[in-house]
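Chemist: Structure of the sequence below:
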Amino acid sequence: MKRLSTFLAVLLFGFTAIAQESVNISKSEVKWNGKKVTGEHWGYVKMKKGTLEIKDNEIVSGQFIVDMTTINNEDLEDKKWNDKLVGHLKSDDFFSVEKYPESTLKVIESTSFKNGEAAVEGELTIKDITHPVSFIVKKDGKIYTTIVTLDRTKYNIKYGSGKFFDNLGDNMIYDDFTLEAKIVTE
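Modeler: Numbering: from 1, shown residues only. Below is the predicted model of the structure:
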């Protein structure tokens, strides 16, 4: 009998707690920001699906799928110019959303959360090109936030880049852009 109770205790309490958390798509958001010599543009892209696995106060895995066809612009009020910019972002000059409608982020590993922050390593895929990314995630209850700075040219987005084109002057677009994510779990 003692063996049975010991076995049950190990079975019930011997495993580390793992929580698989689904992402609430309607409450989560991904904001993009791109800058050029003469200013900047920003908008949102919608998340299609996401999950996080938390173990011992650490993100042990996660996957986020973004629907690139939903990219929009929020800073241009003139509909004609807004539509023109969004169409250009969706074109082959930038994200080629017809050919690559999704981008993904996979969490590979992270440190444990300390003071509400953890360092995360992952793999970001844009236009079927994958590169490692590192960023800090802040946790507040079931809300996870981060800001990631990326070099768009690593994902074959070269339009207006000073690395690839000469004499762009005021038409140069900076290679780095940011993604600011707020992930809300259920």
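
Chemist: Flag every buried residue along the longest strand belonging to the chain.
Modeler: As assigned by DSSP state E, the longest strand anywhere in the chain is strand 39-55. Neighbour counts using 16 or more other CB atoms under 10 Å place H41, W42, G43, V45, K46, M47, K48, G50, L52, I54 of strand 39-55 among the buried residues. From N, CA and C alone the C-beta is placed, and that goes for glycine too.

Chemist: Next: stretch 88-99.
Modeler: L89, K90, F94, F95, S96, V97.

Chemist: Name the residues that touch that stretch?
Modeler: Stretch 88-99 has contacts (CB atoms under 8 Å, 6 or more residues apart in numbering) with M68, T69, I71, N73, S103, I126, K127, R152, I157, Y159.

Chemist: Need phi/psi at the second one.
Modeler: As for T69, its main-chain torsions (degrees, to the nearest 10) stand at phi -70, psi -10.

Chemist: next one: K90
Modeler: phi -80, psi -10.

Chemist: Now do the longest strand of the chain: which elements does it pack against?
Modeler: If contacts are counted by 3 or more CB pairs under 8 Å, 6 or more residues apart in numbering; DSSP states H and E, strand 39-55 sits against strand 18-22, strand 29-36, strand 58-67, strand 173-184.

Chemist: Please save the CA atoms from stretch 145-154 in CSV.
Modeler: What follows is stretch 145-154, C-alpha atoms only, in CSV (Å, rounded to 0.1, in the frame of the first residue of the first chain):
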residue,chain,number,x,y,z
THR,A,145,4.7,42.4,-25.1
THR,A,146,7.9,43.0,-27.1
ILE,A,147,9.5,45.2,-29.6
VAL,A,148,11.7,43.6,-32.2
THR,A,149,14.0,45.5,-34.6
LEU,A,150,14.6,43.7,-37.9
ASP,A,151,16.7,44.3,-41.0
ARG,A,152,14.3,43.9,-43.9
THR,A,153,17.1,43.2,-46.4
LYS,A,154,17.8,39.8,-44.7
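
Chemist: what is the rounded mean pLDDT of it?
Modeler: Across stretch 145-154, the average pLDDT comes to 97.

Chemist: Stretch 89-106 too?
Modeler: Regarding stretch 89-106, the rounded mean pLDDT is 98.
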